[in-house]
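> just need the structure, nothing else, for what follows:
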Amino acid sequence: MITKYMTGGRTTAMAALLLLLLLPAGCVGVEQTATPAPIPATTAPTAEPTMEPTPRPTKVPITQERLLEVNDFLYQLQRPRPNRIGPTAFDLAVVSIAAAGNSPDVIPALKQSEGGEKIILAYMSIGQAETYREYWQSEWASNPPAWLDEPDETWANDFWVRYWMPEWQSIIYGSPESYLDRIMALGFDGVYLDRVDAYWYYQDRDGRDTAAREMADFILDFTAYARERQPDFLVFPQNSEELGTMFPDFLAAMNGIGVEDLYYGYPRAHEPSPADWTAEREAILDQWVAANKLVLVIDYTDVPEQIDDAYARSAARGYVEYVTDRSLGRLRINPGHEPD
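I've put the predicted structure just below:
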């Protein structure tokens, strides 16, 4: 967006071949389902013991140390296709929930795809409601709930929400039908949160002095909820990096931060962002780096010299860069900056 409310991003199953290891009882690595009862000397066994299928590999927890080894990433929300993302060597991908195709097998397969292991984050907007999400109810247009506010000035299908209200938060997390719970059930490693900057909207429009703390608490509450169920669940807010310096508990709980337009794209794509804007944000992001958090930078330009400059400047400060289109609708690999 062209204000302090940053422009947010928009928008089979893998067949597991289980081999039955029909090896004689007692072989190393083969576990019987039960110890056979003693067989009388006059009776011969009629069948070999039944063996358990070979188990799937145990999920390896994503530690912060492993996360900090990420040196390239993909951000694609429109038409993300696992069969195209899988062969790439990106370490991490931010995609919409649609990438899973409502199957619990697609995202786990993508994480172990032929291009190499990948960390997969699901995009979710928490400061605005989107009319194309499953939770949206058509009657809200004429009879809006108390938490539903004005439409976004730029994105016609997005509405500001009073995110501190329990009714909105219950849509986001807390039941099998909620947004976060469905993301977890589909096998994503974590979430990438958009419209965290909604707190600015309510702070500026309504003078709501508690808006920043309420946003931080909202994110902290559902982070705690997620990690009770999956201890290594990853949480990345997008933009509003200043919340990390305002609230140390927020910084401590997050795995990293995503920021848009740091070097190119604000207020227009293919143009340099203002130098003072960049310097102010770098000073904050450097504190995230010092706290061992992963900083993901998304710039919007297709000018080759600008692309090279963005990657170089991010690398110099310990950030991980990705330059792409504002639509976030293309799997873009920039020449000279291919994922490895």
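
> can we go C-alpha only for contacts and neighbour counts from here?
Fine.

> what about the helices in this structure?
Under the criterion DSSP state H, helices of the chain are mapped to 64-67, 82-85, 106-111, 166-172, 179-185, 198-206, 211-229, 243-246, 248-253, 275-290, 304-317.

> of all residues in this protein, which one is nearest the centre?
Closest to where the C-alpha atoms of the chain average out (Cα atoms, centre = their mean) is L121, at 2.4 Å.

> could you measure from that one over to L74?
With distances taken as Cα to Cα, to the nearest Å, L121 is found 10 Å from L74.

> residues shared between the contacts of the two?
Both L121 and L74 are contacted by L92, A93, V94, under the criterion Cα atoms under 8 Å, 6 or more residues apart in numbering.

> closest to E242 out of the residues you listed?
Proximity of the shared contacts of L121 and L74 to E242 (Cα to Cα) peaks at V94, which lies at 21.7 Å.

> need the pLDDT of that closest one.
Among the per-residue scores, V94 holds a pLDDT of 98.

> can you check T88 too?
For T88, the pLDDT comes out at 98.

> can you give me the neighbour number for it?
By other Cα atoms under 10 Å, 20 other residues sit near T88.

> L262 now?
L262: 25 surrounding residues under other Cα under 10 Å.

> ok, R162 next?
R162 has 22 neighbouring residues, counting by other Cα under 10 Å.

> also I107?
Neighbourhood size, I107 [other Cα under 10 Å]: 27.

> how about A275?
Residues contacting A275 under the criterion other Cα under 10 Å number 10.

> repeat that for E65.
Neighbourhood size, E65 [other Cα under 10 Å]: 11.

> before we move on, the earlier item: restricted to strands, list the shared contacts of L121 and L74.
Members of the shared contacts of L121 and L74 lying in strands (criterion: DSSP state E): L92, A93, V94.

> check R205 and give its pLDDT.
Listed pLDDT for R205 reads 97.

> tell me the contacts of the residue nearest to Q169 when sequence neighbours are not counted?
Take Q169 and drop its neighbours on the chain: the residue closest to it by Cα to Cα, 6 or more residues apart in numbering is Y163, 6.7 Å away. Y163 is in contact with I126, G127, W147, Q169, M215, F218, counting by Cα under 8 Å, 6+ apart.

> what about the residue nearest to the fifth one when sequence neighbours are not counted, neighbour count?
In this structure, M215 finds its nearest non-sequential neighbour in Y199, 6.4 Å apart by Cα to Cα, 6+ apart. By the criterion of other Cα under 10 Å, Y199 has 25 neighbours.
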